[in-house]
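**Student:** coordinates only, no sequence provided:
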């Protein structure tokens, strides 16, 4: 996820590099003929990175060009993505980190740290302050609690972190 203008500029530069690399691979007839499988794998890898970057750039453009007087709907399929919703909402509202901090009663340094770390070190109350400052409202919020399969043993920190990172990497794919 692109979080600021600097990351956006760097992403634009990488987009050009990937496009040039793909064009160079396309012209490499020797590799295409002599080791087609490796050529194809390299081409597909670059294309995958290019498409992911294009999607992130398009999302950043959509958020930063959105009319800040019109509500925007941001969806959340997994609670692990709540931090991204908070960052996207700030961007769509065209608020700087300092402006959000002022509205939430926090410091700019806190907001910057929270966003840099995807709110991992934010307290529940600080997250609530940010949600309130951004006037985020939940529509049709549903939570499924599968009581018949509810785990009856403690979850270890390693399991929690492992499942969070696994679900995050699945969505990046």
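**Tutor:** Alright, I've got the coordinates. The structure displayed is predicted, hence computed values, not measured ones.
**Student:** what about stretch 63-77, distance to the chain center?
**Tutor:** 15 Å (CA atoms, centre = their mean, to the nearest Å).
**Student:** what does it rub up against?
**Tutor:** 82, 85, 88, 89, 91, 92, 93, 94, 139, 171 (CB atoms under 8 Å, 6 or more residues apart in numbering). Placement of C-beta: from N, CA and C, glycine included.
**Student:** buried sites along that stretch?
**Tutor:** By neighbour count with 16 or more other CB atoms under 10 Å, stretch 63-77 contains the buried residues 63, 66.
**Student:** and of the contacts of stretch 63-77, the nearest to residue 150?
**Tutor:** Nearest to residue 150 among the contacts of stretch 63-77 is residue 82, at 22.2 Å by CB to CB.
**Student:** tell me the contacts of the closest one?
**Tutor:** Residues counted as contacts of residue 82 (CB under 8 Å, 6+ apart) are 76, 119, 127.
**Student:** so what's the last one up against?
**Tutor:** Taking CB under 8 Å, 6+ apart as the contact definition, residue 127 lies against 82, 86, 119.
**Student:** before we move on, what about residue 113?
**Tutor:** Counting by CB under 8 Å, 6+ apart, residue 113 makes contact with residue 121.
**Student:** helix, strand or coil for it?
**Tutor:** Here residue 113 is recorded as helix under DSSP: H, G, I helix; E, B strand; the rest coil.
**Student:** pLDDT score for it?
**Tutor:** On pLDDT, residue 113 comes in at 97.
**Student:** residue 48: neighbour count?
**Tutor:** 12 (other CB atoms under 10 Å).
**Student:** do you know how far residue 9 is from residue 15?
**Tutor:** 11 Å (CB to CB, to the nearest Å).
**Student:** equivalent analysis for residue 93, please.
**Tutor:** For residue 93, the distance to residue 15 equals 26 Å [CB to CB].
**Student:** domains in the protein, as residue ranges please.
**Tutor:** Here the domain assignment for the chain is 5-65, 69-138, based on automatic domain parsing.
**Student:** most packed of those?
**Tutor:** Stretch with highest mean neighbour count among the domains of the chain: domain 69-138 (a mean of 15; mean count of other CB atoms under 10 Å).
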